[in-house]
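**Q** Requesting a structural model of the entry that follows:
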Amino acid sequence: MADAIVSLILAELKTTIIDRGKEEVKLLVGLEKEVEKLERNLDLIHGVLAHAEEKKRTDDLVKKWLDRLKEAAYDMEDALDEWRTAVEMEPRGSENQWKVPLCNFVSCFSFHQLSNRRRIALNIKEINQKLDVIVKEKDKYQLISKEIELPRRPESSSFVDLSRLCGQDGVKRDILSCLWGGNGEEESGERIQTISIVGMGGLGKTALAQLIYNDSGVQQHFDDVIWVCVSDLFDEKKVARAIIQGLEKLSDEAAYGLESNPLQVLLERISSSIRGKKFFLVLDDVWADTGERWESLKVTFNHGALGSRILVTTRDVDVAKMMGSSSSQIIHLEKLGEKECWLILRDIAFRDRDEKSCQSLEAIGRKIANRCEGLPLAAKTLGSLLKSKRTKQEWQSVLNSDIWKLDLAQKGIFAPLLLSYYDLPPPVRQCFLYCVVFPKDFIIGIHLIVSNWMAQGYLSSDGNADLESIGIEYFHILVSRSFFQDFIVWNGDIVRVKMHDMVHDFARYLAENEFVIKEVESDNLNINSANHRHLTVMVVDTRMPFPTSISGVKKLRTLQTFTRRNALTCEALRSLFNQCRRLRLLDLGWSSGGVGGFDYSCKEIPKEIGKLIHLRYLSLANNRYLEGLPEALSNMYNLESLCLNGCKNLKQLPDWISKLFNLRLLNTVGCLALTRYPKDIRKLTSLRALLGLIARTDCNDAEEFSLADLGNLKYLHRVWLKVVGDSIDREEARKAELENIQELRIYLDGDIEKDDIIEALEITSDIKHLEFCGSYWF
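**A** A predicted model of the protein is given here:
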C-alpha cells in the first residue's frame, strides 16, 4: 500500500507548496527548505515503489523497508494536512469571514508552549530525518523504476455472475430431486426437511444455491421462496427479520422497524405468514455455534405445509447435522475437474476475442486452468485477469509467475487472487484492501465505498475528472476482476455488491495490521497494536454497552461502529473524540443487525468532535434522538461528506452549514422533522450529491432554499429532491439548470403534478436515473 500512499502525498505536497505560491509557504517560518528537501526525497522514492511492492513478496527486508516508508508517509500526510488546514483557516478579510482566528485554531489543538506553525515545522523536519534513512536504504535492494498502466474498463458484458459458472449441473439436479421428493418425515425425522450443501470456501456453494433459488421450477413449485444470508454469527432475531422481509416483501426501512420487536413476536409473525403454505428457505453461509438459537426458529417452520424445504450452505458438516440434515440430505460439494475449470476460465477470458486469438491462447489457458485446484472462484478470478491480457506473452507471464511458488495459507485461491491483485495499479489495490473495513457479507454500495475511498485520500485527479468519477472507475475495475459478486443492478448500472468470504479473507491477509474488526466484550477495548489505522467496532451482545475507553487508537484514520440499540452514549463519544484526533472517516450509522441503522442515546453530539480536523467523512445517520448539530462542526474545513439520513427528529440545518465549503455530499433523507433547507446551502458549490433536499417551488424565498438555487450548484450529479409549495414559479424553476444531473429522484408534496415539474425543470432523457417517489424515504 505504501506506493499509492506516497504517490498521493507527493501530489498533495506539490499542490500545497507550488500551486499555492511562495507567500503561503513563508507563513510557516523556516519550513521552506524542509519542504524542498521533502519533495526531493519523495521524488527519489516514488519511481521504485511499484517494483518494491512486487519484490516484498519474497524479500522480508524490502517488506520491512516498505513498512517503515508507509509509517513515514502517514505521518507526512497528517503533518501536511495540519499545515494546509492552518493556512486555509487564516482570516483573509470579510469575504472569508467564516474562517476562525488562528488563536482559536491553535488552542483547539492544545499545542502547549509551541505555536501551531512551529510545531508543524518540527514535525516535517522530523519526518525528513526518517525519510533520509529510508532513501539511503533503498539502494541496497536494487529497486528499479517501474510504471503500471491503468487497465481499460471492460464493457458491461464482462461483468461475471459466478452462479452461471459454478460447473455443478449434476449436483444441482440431485438437489432439485430432493426438493421435489416426498412430503413425509422419512429419513431425517423432521417434518420440514433440511438439505445442506457442504464444502470448503471457493467451491461455489452460494453460487449453486443461487442457481437453485432462481430456478423457474422452484419459483413455481413453492408458495414462498426466501433467501437469508446468515454469515459468521447466527443471530436468530436478525434471521427472523430477514425471513419476514422476504415473506412480506418489505423494504429495508420497513424491516428496520421490526428491530425493536422481541423474538417471540417475530416468530409468531413468521408462523402466521407460512401457515398452510409450502415454502422454500435458503440459509446461506451458516457457521458453527447455532445451537439453541436454531431450535426456536426450526419449531416455527413446522407451521408451514408439508413439502416445504430448507436449503443450507456451510463449510462444516457438523453444522449441517445440527441443522437437521440426515446423511442422505448432506451434499458434499467436490472440487471441479480440470475440464470444468477450463470451461469457466475460457468463458470469461475469451469473451470478445476472435477465433484465431482464442486458438493461439488455448494451450496456455488450459495449463493455467490446471492450477485452479478445482475451485470455481479461482477459475473465475484467473479468467477475469486473463481477459485484460491481450497477447500470448502476457498469458505466458501469468503462467510463469513466481506467485505460484509462494508458500501461502489457503494457496488454492490465494495464488490466483494475488496474480489479479498485483496486476492492479497501486491506487486500485489500496481501494480494494479498504473494503475489508466492512464485515463479511456486507452489501457495499458504490457511492458509499467511493466516498470512503475519497475520505482516505485514495482518489486523485489531474483536474479533468471528478474524484467521484475516478472512484466509480476504480469500482468497475474491481468488478471486472471478480473481486466483487452478487451484483444489484439499477437501470443497467451495478450499484451494490458483496465480497466473497474467501476474497475478504484474502484482503485481510494482505492488509495485515492495517485493518481490524473487534467485537466488544467489556467496557474497555484494546486493539493491541499502535499500527492499526482502520477499526470497525461490533457490539452484538445485547447486554454489552459500547466501550467507554478504547486504547491504541491514536493513529486511527477510520472508525465505524456496528452497534445494537442505545449502545453508544455521549460519554463514549466524548472519549473517542479526545483520543482519535487523526480520523478521516467516522461512521456511527450502522446497526449490528445489518438492517439500516441504530439508535444511540445522544440528543447532542459532544463539542469535542471539533477536534477532528482531519475528518472528511462523518455519518451520524439513524440517530433518532438527535435534534440539532453542534456548532463545533462549523469549523471542520476538510469535511466532504455529511450523512444525517434517518435522523428523524433533526429539526433544522443550521445557517453555519454554508461554512463547510468543501462539502461534496449532504444526505438528509428520512429527516422527517426537517421542513426546510436554509438558503445558504446554495453557497456549497463543491456539492456533488444532495440527497433529501427540500426546495420551494412557488417563489424564490429569502430564507428557504428554492428550485432556482440549484443553478448555483454547478457540479451536482445526484439529487434526491422533495418539492414543497402549492404552485410552480416556472421562471424560477428554469434557473435550476439540471444539465449535469445524472441521478434525480423527486418526491412530490401537495398539489404539484409530475408532468408540471418535468415541464418546469425542463427534465430531459439525458438524466440517466430519473424516479418519482411516493415516500420521503425515496
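**Q** From now on I want contacts and neighbour counts done on CA atoms only, so please keep to that.
**A** Fine.
**Q** I'd like the distance from the one helix or strand I746 maps to to the chain centre, please.
**A** When elements are assigned from DSSP states H and E, I746 belongs to strand 743-748. Centroid separation for strand 743-748 versus its chain: 24 Å, with Cα atoms, centre = their mean, to the nearest Å.
**Q** List the neighbouring strands of that strand plus their orientation.
**A** Take DSSP bridges as the rule and strand 743-748 pairs in its sheet with strand 718-724 (parallel), strand 769-773 (parallel).
**Q** Let me know the next secondary structure element after it.
**A** Counting by DSSP H and E, the next helix or strand C-terminal to strand 743-748 is helix 754-761.
**Q** In that next one, which residues are buried?
**A** Using 16 or more other Cα atoms under 10 Å as the test for burial, helix 754-761 gives 757, 760-761.
**Q** Distance check, Q579 against I763.
**A** 48 Å (Cα to Cα, to the nearest Å).
**Q** do the same with K33
**A** Applying Cα to Cα, the value for K33 to I763 is 55 Å.
**Q** Mind checking which of those two has more residues around it?
**A** Remark: of K33 and I763, I763 carries more neighbours, 17 against 10, as counted by other Cα atoms under 10 Å.
**Q** Name the nearest residue to that one, sequence neighbours excluded.
**A** Nearest non-adjacent residue to I763, counting by Cα to Cα, 6 or more residues apart in numbering: L738, 7.5 Å away.
**Q** who's in contact with stretch 385-394?
**A** Here stretch 385-394 makes contact (Cα atoms under 8 Å, 6 or more residues apart in numbering) with 151-152, 348-351, 360-361, 395, 419-420, 423, 481.
**Q** again, only using 7 Å
**A** 348-350, 361, 395, 420, 481 (Cα atoms under 7 Å, 6 or more residues apart in numbering).
**Q** mind exporting it as CSV, just the C-alpha atoms?
**A** Extracted C-alpha coordinates of stretch 385-394, given in CSV (Å, rounded to 0.1, in the frame of the first residue of the first chain):
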residue,chain,number,x,y,z
LEU,A,385,-7.4,-11.4,-15.1
LEU,A,386,-6.6,-13.0,-18.5
LYS,A,387,-9.4,-11.1,-20.2
SER,A,388,-7.3,-8.0,-19.7
LYS,A,389,-4.2,-9.6,-21.2
ARG,A,390,-4.2,-9.3,-25.0
THR,A,391,-1.0,-11.1,-26.0
LYS,A,392,0.4,-14.6,-25.8
GLN,A,393,3.4,-13.2,-23.9
GLU,A,394,1.2,-11.7,-21.2
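**Q** thinking again about what came up before, show me what the strand holding I746 is in contact with.
**A** With Cα under 7 Å, 6+ apart as the test, strand 743-748 has contacts from 717-723, 767-776.
**Q** From S308, how far out is G181?
**A** 10 Å.
**Q** Which one's more surrounded, these two?
**A** S308 (28 against 12).
**Q** OK, contacts around that one?
**A** Contact analysis of S308 by Cα under 7 Å, 6+ apart lists 192, 278-280.
**Q** and I728, backbone torsions?
**A** Dihedral pair for I728: phi -120, psi 120, per degrees, to the nearest 10.
**Q** ok, it - contacts?
**A** Contacts for I728 (Cα under 7 Å, 6+ apart) come out as 697-698.
**Q** Give me the pLDDT value at it.
**A** I728 carries a pLDDT value of 88.
**Q** Can you give me the distance of it to H717?
**A** For I728, the distance to H717 - Cα to Cα - is 23 Å.
**Q** low pLDDT regions in the stretch 551-700 of the chain?
**A** 564-567, 590-602 (pLDDT under 70).
**Q** rerun that using 80 as the cut-off
**A** By pLDDT under 80, the low-scoring segments of the stretch 551-700 of the chain are 551-552, 563-569, 589-603.
**Q** all strands for it, in order.
**A** Applying DSSP state E, counting those that start in this stretch to the stretch 551-700 of the chain gives strands spanning 558-563, 585-591, 617-619, 641-643, 665-667, 689-696.
**Q** what's around Y747, how many residues?
**A** 21.
**Q** ok, back up a step: need the strands of the stretch 551-700 of the chain in JSON lines (columns: distance to S296 and mean neighbour count).
**A** As requested, those are exported to JSON lines (distance: least, Cα to Cα, whole Å; neighbours: other Cα atoms under 10 Å):
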{"stretch": "strand 558-563", "distance to S296": "24", "mean neighbour count": "24"}
{"stretch": "strand 585-591", "distance to S296": "23", "mean neighbour count": "23"}
{"stretch": "strand 617-619", "distance to S296": "36", "mean neighbour count": "22"}
{"stretch": "strand 641-643", "distance to S296": "38", "mean neighbour count": "22"}
{"stretch": "strand 665-667", "distance to S296": "39", "mean neighbour count": "21"}
{"stretch": "strand 689-696", "distance to S296": "41", "mean neighbour count": "24"}
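**Q** which stretch among these comes nearest L674?
**A** strand 689-696 (8.6 Å; Cα to Cα).
**Q** what's in contact with the closest one?
**A** Outside strand 689-696, the residues that touch it by Cα under 7 Å, 6+ apart are 664-669, 676-677, 705-707, 716-725.
**Q** Where does pLDDT dip in the stretch 201-350 of the chain?
**A** 231-234, 251-257, 259-260, 287-293.
**Q** That one: strands as residue ranges?
**A** Per DSSP E, counting those that start in this stretch, the stretch 201-350 of the chain carries strands over the ranges 224-231, 279-286, 309-314, 330-332.
**Q** Any chance of CSV for those, columns distance to S460 and mean neighbour count?
**A** As requested, the strands of the stretch 201-350 of the chain are arranged in CSV below (distance: least, Cα to Cα, whole Å; neighbours: other Cα under 10 Å):
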stretch, distance to S460, mean neighbour count
strand 224-231, 35, 20
strand 279-286, 37, 23
strand 309-314, 41, 24
strand 330-332, 47, 18
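**Q** want to throw those into CSV with distance to G170?
**A** As requested, the strands of the stretch 201-350 of the chain are exported to CSV (distance: least, Cα to Cα, whole Å):
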stretch, distance to G170
strand 224-231, 22
strand 279-286, 19
strand 309-314, 17
strand 330-332, 11
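**Q** Show me the one of those that comes nearest A379.
**A** strand 330-332 (19.9 Å).
**Q** Which strands or helices does the closest one pack on?
**A** Using 3 or more Cα pairs under 7 Å, 6 or more residues apart in numbering; DSSP states H and E, the elements in contact with strand 330-332 are strand 193-198.
**Q** looking just at contacts, which helices and strands does the strand it packs on meet?
**A** Looks like strand 193-198 contacts strand 309-314, strand 330-332 (3+ Cα pairs under 7 Å, 6+ apart).
**Q** CSV please, covering those and showing distance to L467.
**A** As requested, those are exported to CSV (distance: least, Cα to Cα, whole Å):
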stretch, distance to L467
strand 309-314, 40
strand 330-332, 46
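**Q** Contacts only, for the residue nearest the centre of the chain.
**A** By Cα atoms, centre = their mean, the mean C-alpha position of the chain lies nearest to I449, the distance being 3.6 Å. Applying Cα under 7 Å, 6+ apart to I449 gives no contacts.
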